[in-house]
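Novice: Provided below are the primary sequence and the corresponding predicted coordinates.
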Amino acid sequence: MKRNILFMLLVGIIILIGSPIKSHAQGITMYHMYNMPHKQDFNPALTGDFKFFLTLPGNSTGIGMDFQGLKIGSLFEDVSSFRSSISDYNYINLEQQYTILTLGFKTGKNYFTLDAQLKNSLHFGMSKDFADFVSSGNGAFIGETADFSGTGFSETMYLEYSLGYSRTFLDERLTIGGRVKYLNGIATLEMSNWDAGIYTAPATYELDIHSKGDLNVSGPFDFQFDANNNLIYDSINVISDQQQLLDDYLLKNKNKGLGVDFGASLKLFEKLNVSASVTDFINTLSWNQNVFQLSQDASIHLDGVDLSNMDQSNDSNIFEPLIDTIASEFQLVSSSNSFTTKIRARYYLGANYELLKWLNVGAVVSGHSYHDKAFFKYTLSANMKVGSFLGLSVSGSKTGTGPISYGAGISLKLLPIQIYVIGENLTGFYYDPDYNGAPMIWPGDISHVYLKFGVNIAFGGKKKDKDDEVTIQ
Amino acid sequence: MTKFDSITPNSYIAMKQTLINLLIAGGLVVFLAGCQKEYQPTGISELNYDLAIPLGHASISLGDLLPVDNENILVNDDSSITFYFRQDSLFYFSVTDLLEIPAQPAETKIFKLGEISLENFGPISSSVTLGDMLTQIDTIVAQTISALDGMNANVPAMAAEEPASYDFSDFDDFEYVTFSEGGLVLSIFNNLSIDFATMQLKIQTINNGTPIDIGTFNIQDLMAGEGALDTIYLEGVTLYNDFSLTLEAFSTYATSSPVPVNLEDELYVGISSYDLKVIGGKAKLPQQQLEGLNEVVNFDVSEEERLTHLIMQSGQINFNLVSNFTFNFDFNLSFPTATIDGNPLSYPISSSGTTSGSFDLAGADFDFSTLTAQPYNQLPVAITLQTSGAEQWVEFDSASTLTLSYGFEDIMFDEIHGWVGNKSIELAKDTIPFDIEQLANMSGTLEFADPKINLLLKSNIGVPVGLNLGLVNHSVSGSLVDLGLSQLALPYPTIPGTFVEEKITISNANSNLSTFLSTIPQELFIEGLALTNPASDVNNPDYTNFITSDAELNLGIEIELPFALRMQDLRFRDTMDMNIESSTVEGFESGLLSILTANGLPFEIDLNLIFFDSITNRIVDTLFIDLINPAQVDGNGVVTQATEKHTELSLTNEELMNLSEANKVAIDALVNTSEGGTQHVVFYTDYILDIRLGLRVNYNLNVDNE
């Protein structure tokens, strides 16, 4: 029974590869949210809402995606706007967080957390030329090279086991926390160092395509290679043996890694609190099981169909030589060595001001780097609470190029059961009840979307102050 | 005191409630807003792509364009190209078209026997003794003289009182004959011892006991021991083989002195003959030559041929002899100027009467030229006739005849010489249609620089032949272009049994071949006329012609067209169906076909495309494409450098939509070689046309419809 459950879980996860997944580092709305124990995901020092909380398996899930440099929604509204939104660096992040078990408890000045999560991170980055090429064709690149360098795809699925600890200092004005993570990789597919481009010759429009890069793969896959060590595409199989999947990918495998989160929170003044953290710091995963390192270094000159042989060909096979050439040139060659992947670190700097005992406003600057360039998100939020019964947050976030992303969160707690929903920029989706006779959800002009929901068992929250009383009409 | 100090608890509570309400309401609005928003996406349906792709490329050598396995296209060692066509037999004629020996009329010759020679017979003789004579004289005198027998005594004169006859000795040369010529010689010799004063003798031939006088001879003074001669001419005389002598009278002189008297002493009478020719009778004919024949017969020909020599391959002389000769004879038919196997051509016939037969003439060699006056077609004939073998005892008549009929039949010659005349032989007359639709759609000039048509002659006919070859190009434009070929003198052998094999070249030097080939044909009219002995006629014949039995003249044709040519305004027109659906092109904002060529071919091509609706004949659009420019060539027309050209063919959406209204496209391709088609260029298989096609389209991708 246990095996079947685990197997179904794994298959489901594998199917979810490529699905929209929320980053665990997203949901910035809840950074300053009252009664939200999961904000410790952003900063291990942000604890203390409950003396104890417990999230049981399956009771917390987060999905989300980020767009950098692309107004994906405008693709369906105004193509020229979409094209103009393409910047030098463009990517789509799809991330998923699935909580297996999370608990936290407080003893004195100390707060301990234990966390087990299944995480999946999918990243698709595009150079400006690549995005332009795909969205508009190569007409703008005649006589030039469309540089695809920086375009890449990666996806990593791993189990993260963490042990967190924080302690208050200075009469609880300062909290310092950290978290140590043990990472157990399940599968990864990562393009790296991809240098590619297409040169379109003037007059003849002949194409010179070059592609050089590596593709690191590890997971329940089985690849076959020919005598020249070239990948046989037809041979790619997903291992379907349940026992092998359990043994090699869920219970134990050789893909291991460590990571560290740390942060601090400081009440500067009576009502002003500042915090800073780094998550996924030095997170690395060493992949050692079922490893396939595929590399490619190919270039090809495409000059169309060889019309000289038209009289010897029929319509069905005049393209065969061209296809054969491409297939033979762009072979993936294997070198089965272990490799390491990194999980991108994120940085948070927050401040909130308590207007009232039950209301604060906050600001967060979160950032990460991509292609040696820092990307920041600026978030303002207002957060209120009614004791430990209710927590509400609204936020507005802005990235460098994207529009303002609005978010809201709510948590309700009845006795020890707390439910919560965090949504960011869900208005970016548009629902068309009758699109060509069928309902359709279109992505809007968004750069970010996030949804997190879950159920916690929590108790030991702060007692309601008189000042906290509010009447909801 | 803060500004909040002035707030009363109630107002504070109210403010908090209001703020809470706003926060909740705002949060819910933010959270839920948009999830039920009406939204009509439009941009995706107009996704515009500007794509530039290489359509294809080709590096086409001229050799690639040549039809595969076409035996008419030859690639020479230097990779130049030649169109080559060969037909082994275009015209053919043989001996039967040139000469036919007609059946020769039979010759009939009548030979009359006429006078024939007869061997001289005799001499035959008769003698009269003295004692015989005493029986003719007076008895007393006779007794007196009889008494003197054996003595020397004087003998008295005697005179016959009555005639007495005596026989001649026998002979069997004939039973009777009538002479046409010849004579008898009568010889008398006096062996008595007395002298005759007179003597009368009569010679008679006896026909069944009936004497027929031949002649009477009177002799004077025939002295003892002396003789006398006399002659009888026999022309018209018939003699039998029995003669008698009658001593009609005589008288003697008395001796003047004693003489020996012997009653057995004789008077000798002999008859001999000379130069006997007879015209009838029954005789023993000696072998002799009869009157024959030497003549010249005309050897008939079918037309005006003049034969000087003829060697028979086969044939025969048939003869028929009708004879009423009563004796065996030997007949000989000969042709004095003919031989067979080196021997005179002579045919002997031995016969005793009517006979017929034939003689084989295979291998016979006739010379018809021995007569100076007419040194052709004349055949001397000699016929001899003789009695055959030993003496024949026959009855004959000089009026009897022998009729000879003979003639040449089934004559097949092996070889003839002479002059075969001025003959016209129609070799061929034909019309060759060119039912090639493409040719009907072509116009302009295509001129070969050095075209050659070789006529492949193989002949063993020893006759000068002039060939009038007529080729007329009925062009697609309706004009007639004559090859303008002057009469060709065909070589011929000078030695019988040998062939001449030669190429006779038709080129620009002896015709307007280039002009002829430069015209696109609808059909070709072809005719051939062979004229024998074009340089001689009946008044000035050339007797050096010869024809053998296997004579033939075969004229093949070999067309050699080196691909060194010029094309000027050479147009190819064609119309093709087309069907471009408007739905196919409506998504295209524009299209641009980019054509980059490096032309190593020494000609240019311009295309003019006319798109039209065949139902309404409305031209919906035209398109001109300056496709390729000619490669650079040197003075010899050899390509020295390829010419690069970039052509862009741009079509807007409106033009593309226009094309969708057309169901036909008329293609007008204009081809010119270098220098506007004025320069001849040479084609080599390694000339290369490098062409690269690129297509740039601006396409509105209608995702909704997709």
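Specialist: Alright, I've got the coordinates.
Novice: How many neighbouring residues does the residue in the stretch 201-350 of chain B that chain A sits nearest to have?
Specialist: Relative to chain A, the nearest point of the stretch 201-350 of chain B is residue B:313 (59.4 Å; Cβ to the nearest Cβ). Bear in mind the C-beta positions are built from the backbone N, C-alpha and C, glycine included. A count of nearby residues for residue B:313, using other Cβ atoms under 10 Å in any protein chain shown, gives 17.
Novice: which of the residues in stretch A:104-120 are buried?
Specialist: For stretch A:104-120, the buried set under the neighbour-count rule, 16 or more other Cβ atoms under 10 Å in any protein chain shown, comprises A:104, A:105, A:106, A:111, A:112, A:113, A:115, A:116, A:117, A:118, A:119, A:120.
Novice: what do you get for stretch B:373-390?
Specialist: By neighbour count with 16+ other Cβ under 10 Å, stretch B:373-390 contains the buried residues B:376, B:377, B:378, B:379, B:380, B:381, B:382, B:383, B:384, B:385, B:387.
Novice: Need the buried residues of stretch A:104-120 in TSV (columns: secondary structure and distance to residue B:637).
Specialist: TSV is the format used below for the buried residues of stretch A:104-120 (DSSP: H, G, I helix; E, B strand; the rest coil; distance: Cβ to Cβ, whole Å):
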residue	secondary structure	distance to residue B:637
A:104	strand	95
A:105	strand	100
A:106	strand	102
A:111	strand	98
A:112	strand	97
A:113	strand	92
A:115	strand	88
A:116	strand	87
A:117	strand	83
A:118	strand	80
A:119	strand	78
A:120	strand	74
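Novice: How about the contacts made by the residue nearest to the spatial centre of chain B?
Specialist: When chain B is reduced to its mean C-alpha position, the nearest residue by Cα atoms, centre = their mean turns out to be residue B:95, at 2.4 Å. Shown in contact with residue B:95 (Cβ atoms under 8 Å, 6 or more residues apart in numbering or on different chains): B:461, B:547, B:548, B:549, B:550, B:551, B:552.
Novice: Apart from its neighbours in sequence, what residue is nearest the first one?
Specialist: Put plainly, it is residue B:461. residue B:551 (4.5 Å; Cβ to Cβ, 6 or more residues apart in numbering or on different chains).
Novice: The residue nearest the centre of chain A sits in which helix or strand?
Specialist: By Cα atoms, centre = their mean, chain A has its centre lying nearest to residue A:95, at 3.0 Å. In this assignment (DSSP states H and E), residue A:95 forms part of strand A:89-107.
Novice: Can you tell me the strand partners of that strand and which way each runs?
Specialist: strand A:52-55 (antiparallel), strand A:60-68 (antiparallel), strand A:110-127 (antiparallel) (DSSP bridges).
Novice: Now render those strands as CSV, adding mean pLDDT.
Specialist: As requested, those are arranged in CSV below (pLDDT from 0 to 100):
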stretch, mean pLDDT
strand A:52-55, 91
strand A:60-68, 76
strand A:110-127, 90
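Novice: To residue B:63, which of those strands lies closest?
Specialist: strand A:110-127 (46.4 Å; Cβ to Cβ).
Novice: Enumerate the positions of the helix or strand following the closest one that are buried.
Specialist: Note on strand A:110-127: by DSSP H and E, the next helix or strand toward the C-terminus is helix A:128-136. For helix A:128-136, the buried set under the neighbour-count rule, 16+ other Cβ under 10 Å, comprises A:128, A:129, A:130, A:131, A:132, A:133, A:135, A:136.
Novice: Could you do stretch B:661-672 as well?
Specialist: Those would be B:662, B:664, B:665, B:666, B:668, B:669, B:670, B:671, B:672, for stretch B:661-672 by 16+ other Cβ under 10 Å.
Novice: shouldn't the first one be in contact with residue B:621?
Specialist: Yes: at 7.0 Å, residue B:662 and residue B:621 qualify as touching, with contact defined as Cβ atoms under 8 Å.
Novice: Show me whatever sits in contact with both of these two.
Specialist: Common neighbours of residue B:662 and residue B:621, counting by Cβ under 8 Å, 6+ apart, are residue B:611.
Novice: So which elements touch the longest strand seen in chain A?
Specialist: Counting residues, the longest strand found in chain A (DSSP state E) is strand A:174-200. In terms of contacts (3 or more Cβ pairs under 8 Å, 6 or more residues apart in numbering or on different chains; DSSP states H and E), strand A:174-200 is packed against helix A:2-15, strand A:110-127, strand A:145-147, strand A:152-169, strand A:207-218, strand A:256-267, strand A:272-287, strand A:339-342.
Novice: Specify the beta-bridge partners of residue B:701.
Specialist: The partner residues for residue B:701, given DSSP bridges, come to residue B:47.
Novice: What is the neighbour count of it?
Specialist: Residue B:701: 16 surrounding residues under other Cβ under 10 Å.
Novice: thinking it is in contact with residue B:47, fair?
Specialist: Yes: assessed by Cβ under 8 Å, residue B:701 is found in contact with residue B:47 at 4.3 Å.
Novice: Where does the closest residue to residue B:506 other than its chain neighbours fall, secondary structure wise?
Specialist: Leaving aside its chain neighbours, residue B:506 sits nearest to residue B:453 (4.1 Å; criterion: Cβ to Cβ, 6+ apart). Using DSSP H and E, residue B:453 sits within strand B:452-459.
Novice: Okay, buried residues for stretch B:355-367 please.
Specialist: B:358, B:359, B:361, B:364, B:365, B:366, B:367.
Novice: Please apply the same query to stretch A:352-366.
Specialist: A:352, A:353, A:354, A:356, A:357, A:358, A:359, A:360, A:362, A:363, A:364, A:366.
Novice: now swap in stretch B:647-664 and tell me
Specialist: Going by neighbour count (16+ other Cβ under 10 Å), the buried part of stretch B:647-664 is B:647, B:649, B:651, B:653, B:655, B:656, B:657, B:658, B:659, B:660, B:662, B:664.
Novice: which other residues reach it?
Specialist: B:575-582, B:584-586, B:588-597, B:611-615, B:620-621, B:623, B:625-627.
Novice: returning to what we had before: orientation of the longest strand of chain A relative to strand A:152-169 in degrees?
Specialist: Per axes from the mean of the first three to the mean of the last three Cα atoms, to 10 degrees, the angle that strand A:174-200 makes with strand A:152-169 is 170 degrees.
Novice: for the record, mean pLDDT for strand A:174-200?
Specialist: The pLDDT scores in strand A:174-200 average 91.
Novice: chain center to that strand: distance?
Specialist: The chain centroid and the centroid of strand A:174-200 are separated by 10 Å under Cα atoms, centre = their mean, to the nearest Å.
Novice: now it and strand A:272-287, what's the angle there?
Specialist: Angle, strand A:174-200 to strand A:272-287, by the same axes, to 10 degrees: 50 degrees.
Novice: buried ones in strand A:174-200?
Specialist: Neighbour counts over strand A:174-200 (16+ other Cβ under 10 Å) mark A:175-179, A:181, A:183-191, A:194, A:196-200 as buried.
Novice: Determine the angle, from 0 to 180 degrees, between it and strand A:207-218.
Specialist: 150 degrees.
Novice: who does residue 61 bridge with?
Specialist: Just so you know, I chose chain A. Beta-bridge partners recorded for residue A:61 (DSSP bridges): residue A:98, residue A:453.
Novice: wrong chain, I was asking about chain B
Specialist: residue B:688.
Novice: pLDDT wise, what is it at?
Specialist: 87.
Novice: now do residue B:261
Specialist: Taking residue B:261 on its own, its pLDDT is 93.
Novice: I'd say it and residue B:154 touch.
Specialist: No: counting by Cβ under 8 Å, residue B:261 stays clear of residue B:154, with 9.1 Å between them.
Novice: can I get the CA coordinates of stretch B:466-474 in CSV?
Specialist: The C-alpha trace of stretch B:466-474 is given here as CSV (Å, rounded to 0.1, in the frame of the first residue of the first chain):
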residue,chain,number,x,y,z
GLY,B,466,25.2,13.0,-108.9
LEU,B,467,22.9,13.3,-106.0
ASN,B,468,20.3,16.0,-105.8
LEU,B,469,19.2,16.0,-102.2
GLY,B,470,16.3,18.2,-101.5
LEU,B,471,15.5,19.2,-97.9
VAL,B,472,12.9,21.8,-97.3
ASN,B,473,12.1,23.0,-93.8
HIS,B,474,8.5,23.9,-93.5
